[in-house]
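Q: coords below, sequence missing:
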């Protein structure tokens, strides 16, 4: 495993053309930004010290985030009544008691789907937490089969 970590660390992540090289392909920073903006879910990333280091900026956000929150404790981005539960989940993710928490609940006539994922290095070192949130109201009632061959556009 140490060899695998060394190989990963020695790879050029951004090449001479400015492309971000990943194990399964490469893309420009501009493309990555647009991919993150088009996803119909929001993502928040906390580092190993549980500070907010990234949030996706798209029109589908359920939870409001502001640049001034970057670097602040991740738990502080939640409502007071949620902070204790979030802190307990983060503690379990840190110590490896869990790798993922999943929940859904009604909010403002929507069904909100929230996931917390432990982000770990190849050697298992805890790097941080990814929160993945979205409104699943529209897709909850899906039944049958819809494919590119039997459906039209999927705009709103």
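A: Structure's in. What do you need? Just so we're clear, the structure is a prediction, and the values are computed from it rather than from any experiment.
Q: need phi/psi at the residue most central in space within the chain.
A: Centroid check for the chain by C-alpha atoms, centre = their mean gives residue 43 as the closest residue, at 3.7 Å. Backbone geometry at residue 43, expressed as degrees, to the nearest 10, gives phi -130, psi 140.
Q: and for the residue nearest to it when sequence neighbours are not counted, the neighbour number?
A: Distances taken as C-beta to C-beta, 6 or more residues apart in numbering place residue 56 nearest to residue 43, at 4.5 Å, with adjacent residues excluded. Using the backbone N, CA and C atoms, a C-beta is placed for each residue, glycine as well. Neighbour count of residue 56, defined by other C-beta atoms under 10 Å: 20.
Q: phi first, then psi, for residue 56.
A: Dihedral angles (degrees, to the nearest 10) for residue 56: phi -70, psi 150.
Q: contact partners for it?
A: By C-beta atoms under 8 Å, 6 or more residues apart in numbering, the contact list for residue 56 reads 36, 37, 39, 41, 42, 43, 44.
Q: one more pass at 6 Å, please.
A: By C-beta atoms under 6 Å, 6 or more residues apart in numbering, the contact set of residue 56 is 36, 42, 43.
Q: could you say which helix or strand contains the first one?
A: Assigning secondary structure by DSSP states H and E places residue 36 in helix 29-38.
Q: could you measure from the residue nearest to the centre of the chain over to residue 142?
A: Distance of residue 43 to residue 142, given as C-beta to C-beta, to the nearest Å: 23 Å.
Q: go on, residue 73?
A: With C-beta to C-beta as the criterion, residue 73 and residue 142 are 37 Å apart.
Q: good, wrapping up.
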